[in-house]
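Asker: what follows is a predicted protein model with its sequence.
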Number of protein chains: 2
Amino acid sequence: MLLSKKSRSASIQMYLVTVYRLREQGNPVPIPLLVDEMGLTPASINEMCRKLEVEKLLNYIPYSGVNLTKRGEELARDILRKHRLWEVFLVGKLGFDFEEAHKIACQLEHYTPEDLADRLEGFLEYPQVNPRGEPIPLSKIALEQNPSQPLLDLSPGDKAQITHIRGDKIETGYLLKNNIKPGREVLIRAVDETSILILNQGEHLVLSRDLADKVFIQKLLE
Amino acid sequence: MLLSKKSRSASIQMYLVTVYRLREQGNPVPIPLLVDEMGLTPASINEMCRKLEVEKLLNYIPYSGVNLTKRGEELARDILRKHRLWEVFLVGKLGFDFEEAHKIACQLEHYTPEDLADRLEGFLEYPQVNPRGEPIPLSKIALEQNPSQPLLDLSPGDKAQITHIRGDKIETGYLLKNNIKPGREVLIRAVDETSILILNQGEHLVLSRDLADKVFIQKLLE
DNA sequence: TGGTAGGATTAGGCGAGCCTGAACATTTGA
DNA sequence: TCAAATGTTCAGGCTCGCCTAATCCTACCA
């Protein structure tokens, strides 16, 4: 088999996507948080996280938590994309309520090959968000054409959509409070040596360069 | 948990639906046939079939093969229904070719709750057959309203659709050769003490009462 | 009718993913 | 600063579904 083409077990996928979701509220994601979220014992979570570290999908820092590696993030984004596409289908076409749809999507996402996700996306007419308004990650191909980068890289006048946040709990909390979260579209107004001025949902906000470096976006073509 | 409500593992479901399919070419289904079909070792198949016998989903007759019990048949029909509904969706709505659709459906079928199957069926406007023309089994509820019965039970003038055959290899082979197979619609022309005359796809056929007792149908409302 | 080919079964083992219980390490706040 | 609280890890065990290798059994045909 060539070049790590295996898509991993449903269980591994669950771990990755859970970390992917939870990191939006602080990086790294503490093991106890995973314990709560996944309903497993600390021993089990620990074991699996160690394993995922060996497989270079996670970095594990004891007493601190886990971070996704580049590969882990790619895989997780992939699953999340499938998950949210199914949610759109289940709610939009079959009339499920969101809670049920979410539960079903949790299963289907693990058995959805790439080409199915792609065709489903087309069938649904390329939705941007799931029924709850959460953004649907781009496919691998789309992402290559339009990669994620730090907000800091932009210039005044640029428009971008936030994809994810990489800060620690404090930073992330602050950004969340100011409505900086995945899916939001922002406009860059000004950049200087210490800070960056952006327009987010009609409100201006000044971010330090430090902070702006932890907000990842995709440039929107004007 | 009340009254055996668990839907069993994907693996068990695979066994049941495989037997369900294979029995159309002869009952009981020999273990070596399952070995070929499922790509597992005789030891594994044997082990699992014993287990399924304990769970009252199969009857196992050594050197002969396995039969589905009533409960096993219900479960298998259920899965097959989901499988074929997915095939209709994947081919009809997403444009997959049948082979790919079949492979994907093999996975999805195991993670499809009842209500999803029901809604999918509605969304697809109650298809009768999959893209290859094989009949889609009725849902449990529909089946209760219109149960399966032996062809022998019918009277002249009745119209019915064949659901399955219960004969041994010879009987099944004979019936297949005469175009008696699941999905076909037949009209009963006459019944006497020794035989039954039916019209099947424009051709008349006489079956002994013996044989007619092994052909199971659903009455079609005139 | 008895030998043999092939089917059935047993014994032992493996990996994945989870568990409990106990021991151990670190962080934190009084 | 040090002890309690909290987090981590180890050891051992379990189920599931599969495997190989060896052995046992039956059906069938020459």
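Answerer: Perfect, I can see it now. Since the model is a prediction, treat every value here as computed from it, not as a measurement. Numbers count the residues shown, from 1 in each chain, chains lettered A, B, ... in the order given.
Asker: longest helix in chain A, please.
Answerer: Criterion DSSP state H: the longest helix present in chain A is helix A:70-92.
Asker: that helix: what's the following helix or strand?
Answerer: Remark: after helix A:70-92, the chain's next helix or strand is helix A:98-108, criterion DSSP states H and E.
Asker: what does the next helix or strand after that following helix rub up against?
Answerer: Sequence order places helix A:114-123 as the next helix or strand after helix A:98-108, per DSSP H and E. Outside helix A:114-123, the residues that touch it by C-beta atoms under 8 Å, 6 or more residues apart in numbering or on different chains are A:78, A:81-82, A:85-86, A:89, A:112, A:127, A:139-140, B:90, B:93-96, B:100, B:104. No exception for glycine: its C-beta is placed from N, CA and C like everyone else's.
Asker: with stretch A:32-42 instead?
Answerer: By C-beta under 8 Å, 6+ apart, stretch A:32-42 touches A:14-15, A:18-19, A:22, A:31, A:45, A:49, A:65-66.
Asker: at 6 Å instead, please
Answerer: Counting by C-beta atoms under 6 Å, 6 or more residues apart in numbering or on different chains, the neighbours of stretch A:32-42 from elsewhere in the structure are A:18, A:22, A:45.
Asker: I figured A:Leu187 was touching A:Asn200, is that so?
Answerer: No: using C-beta atoms under 6 Å, A:Leu187 makes no contact with A:Asn200, being 8.0 Å away.
Asker: ok, the closest residue in space to A:Gln201 that isn't next to it in sequence to A:Ala43 distance?
Answerer: Nearest non-adjacent residue to A:Gln201, counting by C-beta to C-beta, 6 or more residues apart in numbering or on different chains: A:Asn179, 6.1 Å away. Computed as C-beta to C-beta, to the nearest Å, the A:Asn179 to A:Ala43 distance reads 39 Å.
Asker: who has more neighbours out of those two?
Answerer: Neighbours were counted for A:Asn179 and for A:Ala43 using other C-beta atoms under 10 Å in any protein chain shown; A:Asn179 has more, 13 against 9.
Asker: and the strands in chain A?
Answerer: Along chain A, counting by DSSP state E, strands occupy A:58-61, A:65-68, A:149-150, A:159-165, A:185-191, A:195-200, A:203-208, A:215-220.
Asker: looking at the ones you listed, which is buried most?
Answerer: Neighbour counts (mean count of other C-beta atoms under 10 Å in any protein chain shown) averaged over each of the strands of chain A peak at strand A:65-68, with a mean of 23.
Asker: which helices and strands sit right next to that strand?
Answerer: Where contact means 3 or more C-beta pairs under 6 Å, 6 or more residues apart in numbering or on different chains; DSSP states H and E, strand A:65-68 is packed against strand A:58-61.
Asker: give me the pLDDT for the nearest residue to A:Ala105 once chain neighbours are set aside.
Answerer: The shortest distance from A:Ala105 to any non-neighbouring residue, by C-beta to C-beta, 6+ apart, is to A:Trp86 (3.9 Å). Per-residue confidence (pLDDT) for A:Trp86: 98.
Asker: what of A:Lys6?
Answerer: A:Lys6 is given a pLDDT of 61.
Asker: and for the one 3 residues further on?
Answerer: At A:Ser9, the model reports a pLDDT of 94.
Asker: run a quick neighbour tally on A:Gly49.
Answerer: That one is not Gly; residue A:49 is Cys. Neighbours around A:Cys49, by other C-beta under 10 Å: 21.
Asker: the one 4 residues further on too?
Answerer: Residues contacting A:Glu53 under the criterion other C-beta under 10 Å number 16.
Asker: what sits against it?
Answerer: Contacts of A:Glu53 (C-beta under 6 Å, 6+ apart): A:Tyr60.
Asker: show me where pLDDT drops low in chain A?
Answerer: A:1-6, A:222 (pLDDT under 70).
Asker: DNA strand D contacts on that one?
Answerer: A:30-32, A:42-43, A:46, A:50, A:60, A:62-65 (C-beta under 7 Å from any atom of the strand).
Asker: what's the farthest-apart pair in those residues?
Answerer: Spanning the widest gap among the residues of chain A next to DNA strand D are A:Ala43 and A:Ser64, at 18.3 Å by C-beta to C-beta.
Asker: how much space between A:Val19 and B:Gly133?
Answerer: 46 Å.
Asker: more neighbours, those two?
Answerer: In terms of neighbours (other C-beta under 10 Å), A:Val19 is the more surrounded of A:Val19 and B:Gly133; the figures are 26 against 8.
Asker: do I have it right that that one meets A:Val29?
Answerer: Yes: with contact defined as C-beta under 6 Å, A:Val19 reaches A:Val29; the gap is 5.1 Å.
Asker: now for the two: what residues contact both?
Answerer: Joint contacts of A:Val19 and A:Val29 (C-beta under 6 Å, 6+ apart) are A:Val66.
Asker: how about the residues of chain A that lie near chain B?
Answerer: Residues of chain A lying close to chain B by C-beta under 6 Å from any C-beta of the partner chain are A:93-94, A:104, A:107-108, A:111, A:116, A:119, A:123.
Asker: make it 10 Å
Answerer: A:10, A:89-90, A:93-96, A:100-101, A:103-104, A:106-113, A:115-116, A:118-120, A:122-123 (C-beta under 10 Å from any C-beta of the partner chain).
Asker: so what would you say the end-to-end distance of stretch A:208-219 is?
Answerer: Chord length of stretch A:208-219, first to last residue, is 20 Å (C-alpha to C-alpha, to the nearest Å).
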